[in-house]
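>>> Let me see the structure of the following:
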Amino acid sequence: MGLFKSFVSQTRKPEGFLGKMMLSGMNSGHAEMADWGFSYLPPVRASELVDLGCGGGRNAGELLKKYPDANVTAVDYSDLSVAKAREYNRDMITAGRCKVLQGDVSDLHLPEGKYDLATAFETIYFWPGLEKCFGQVAKVLKPGGYFLICNESDGTDATGLKFEKIIDGMKCHTVEEIESALMNAGFSKVKSGHHKTKPWITVIAQK
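Residues are numbered from 1 along each chain as shown. Predicted coordinates:
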């Protein structure tokens, strides 16, 4: 159990050898869920996008494909994640369409009012205070900008709650908790979706 706990705890902030192992499977392991979440995106013309808690960089790459005229900024607070995401999106970084930054979502050092769309896949479990962090996201979005959250756990499923007990600092939030925090953080509209057969959830908020 000790090695297993050490390994799964790397989902919070990948570090060292185990962190590299976690990141190597993160892009493919979450792809199906992420693509399901992307399907809920509203039709929006976007020129500047930001992916928060970008992990291995796969979802930032998908944003670059979905919005071929847009630039994508990917942010993570793990050194290993930043390095992996830069490697994954190397060509787009060279082309000037993507940049990967190390940062903390509770204190984002990004231009205010710059982004049309922010995304957060499988990451808000570890954010230190939803309302505070959501406020940071609202700050960097343009008026009318969108924020997409996608999680594998709806806060009530047995698997999610099991990992919540194993991984230090992890909290599986319910849709109601997420929606409440978004509204308190200054978002004006919130809409959620739930997978038909899995505990996957997506929540979309508009500033």
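>>> which element is the most centrally placed residue in the chain on?
Nearest to the mean C-alpha position of the chain, counting by CA atoms, centre = their mean, stands Ala120 at 2.0 Å. Per DSSP states H and E, Ala120 falls inside strand 115-121.
>>> Surely Ser47 and Asn71 touch.
Yes: with contact defined as CB atoms under 8 Å, Ser47 reaches Asn71; the gap is 6.9 Å. (C-beta placed from N, C-alpha, C; glycine too.)
>>> So for the two, which sits in the more crowded spot?
Asn71 (20 against 13; other CB atoms under 10 Å).
>>> who's the more buried one bridged to?
With DSSP bridges as the criterion, Asn71 is bridged to Glu48.
>>> Distance check, it against Cys98.
7 Å (CB to CB, to the nearest Å).
>>> avg pLDDT for stretch 82-96?
Average pLDDT, stretch 82-96: 96.
>>> measure stretch 198-207 end to end?
28 Å (CA to CA, to the nearest Å).
>>> repeat for stretch 153-173
The first residue of stretch 153-173 is 8 Å away from its last residue (CA to CA).
>>> What residues sit buried inside it?
By neighbour count on 16 or more other CB atoms under 10 Å, the buried set for stretch 153-173 is 153-155, 160, 163, 167, 170-173.
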